[in-house]
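> sequence unknown, structure follows:
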């Protein structure tokens, strides 16, 4: 018989925060976006002058109760005060330049739970020292350990600014996916100016570098204007950048390895700010580029040829032009897109599981009560289930020493209808 695993959906990503120019007047400052009701709503947060910019992550408990957020400089608790020992995150380098406004590395932070714990999380955060030339590279990946239940739920930072990787890294494009065992995590951190990737394994003992991998197209060193994402089912890893194009990989959640890479040249001029997101059914890739939104079918035989333009900027301004930038899939299954300027609206893809214009991309559809800058929070899929029974049982198959090397297997066609061919190479 096959075992049945029942999973309870956690709501770690049910509270989002955005901000800019806090303290100027009531049109600026911190805004909370909540998904705790059937329809998401946005509200002003009063009583603090905390700014958010590019580095943006937040944490709610499993029931969706907000606990804390970070701007890459400090950690702020549910009373909107700096958490105990939550100051001086990313100290040194560009800290004193960026931190009146929030750290300026896109996708520069992410929060993951410790395996086997309901109270401990790890904040991973990128550090840079490139001012005044913004966007050159990140130089360190740190991690900080947080106990969110300490101080009656206001939390406490247990240890902070611990070096995990000390190297020249991509200026952002940092994301994570659950291990096939459903408990651990894989973090993927691209290197700068090459095709290297650091793969970090997070388990109940904490984070540790697992391996480096060199695969795919060598990246341009000007990698500040992009985004990276895993598909909700963990199968695809996609990285898009305004000078190097779009890289699509499949990902082995057992061993933490990228494989089967495909490259797509940009269908527009270089240098645009790009955002990426993948639909809830893990089929459709969305790439935003300032004034255009393109959909690709990840299951097509020729992904590049499957491109559909599903949105073009309509010229709307919310003080400044509401051009297209970064994206994040919400708990409601819709994809929310920020703007490339400080505005008070977000764009929404209402039906991202559908092909072409049926995806219902609606510009300036989500009104915010205040202006904000640039980046949505950086969330992985916290509810990704373990891999199917027999695919990668962590009790029988060591992820570091697999019985079969998946990179030497060719399986086709995909999807299959009548005949599936497996070749060992």
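Sure thing, it's come through. Keep in mind it's a predicted model, so treat the numbers as computed, not measured.
> Residue 81 and residue 48 touch, don't they?
Yes. Counting by Cβ atoms under 8 Å, residue 48 is a contact partner of residue 81 at 7.4 Å. For glycine as for every other residue, the C-beta is placed from the backbone atoms N, C-alpha and C.
> which stretches of the stretch 51-200 of the chain have low pLDDT?
131-135 (pLDDT under 70).
> Tell me where it has strands.
Applying DSSP state E, counting those that start in this stretch to the stretch 51-200 of the chain gives strands spanning 57-60, 66-70, 75-77, 109-113, 120-127, 138-147, 156-169, 175-178, 185-190, 196-203.
> could you measure the nearest residue to residue 218 once chain neighbours are set aside against residue 260, distance?
Nearest non-adjacent residue to residue 218, counting by Cβ to Cβ, 6 or more residues apart in numbering: residue 195, 4.8 Å away. According to Cβ to Cβ, to the nearest Å, residue 195 and residue 260 sit 15 Å apart.
> cool, and residue 341?
Applying Cβ to Cβ to residue 341 and residue 260 gives a distance of 37 Å.
> looking at the strands of the stretch 51-200 of the chain, which is closest to residue 356?
strand 175-178 (26.6 Å; Cβ to Cβ).
> which residues touch that closest one?
107, 110, 112, 124, 184-188, 202, 228-230, 234, 237, 251, 253, 378, 380-382, 384, 386 (Cβ atoms under 8 Å, 6 or more residues apart in numbering).
> Run me through the strand neighbours of it, direction for each.
In the sheet, strand 175-178 lines up against strand 185-190 (antiparallel) (DSSP bridges).
> just the angle between the strand it pairs with and strand 109-113, please?
160 degrees (axes from the mean of the first three to the mean of the last three Cα atoms, to 10 degrees).
> Figure out which of the strands of the stretch 51-200 of the chain is closest to residue 282.
Closest among the strands of the stretch 51-200 of the chain, using Cβ to Cβ: strand 175-178, at 11.6 Å.
> so how far is stretch 42-52 off the chain centroid?
Relative to its parent chain, stretch 42-52 has a centroid offset of 22 Å by Cα atoms, centre = their mean, to the nearest Å.
> need the contact list for the most centrally placed residue in the chain.
Centrality entry for the chain: nearest residue to the mean C-alpha point is residue 378, 4.0 Å, by Cα atoms, centre = their mean. By Cβ under 8 Å, 6+ apart, residue 378 lies in contact with 56, 57, 107, 108, 109, 110, 174, 175, 328.
> 10 Å instead, please
13, 54-58, 106-111, 124, 172, 174-176, 227-229, 326, 328 (Cβ atoms under 10 Å, 6 or more residues apart in numbering).
> And residue 161, by the same measure?
88, 89, 90, 91, 92, 125, 127, 140, 142, 143, 144 are the contacts of residue 161 under Cβ under 10 Å, 6+ apart.
> Please, a ChimeraX command that selects the buried ones among those?
Selection of buried members from those for ChimeraX, criterion 16 or more other Cβ atoms under 10 Å:
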select :89,90,125,127,140,142,143,144
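> any chance of the contacts of residue 161 in TSV, plus distance to residue 282?
Shown next, in TSV, are the contacts of residue 161 (distance: Cβ to Cβ, whole Å):
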residue	distance to residue 282
88	39
89	33
90	33
91	39
92	39
125	28
127	32
140	32
142	31
143	28
144	31
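> which one of the contacts of residue 161 sits closest to residue 308?
For the contacts of residue 161, the nearest to residue 308 is residue 125 (36.0 Å; Cβ to Cβ).
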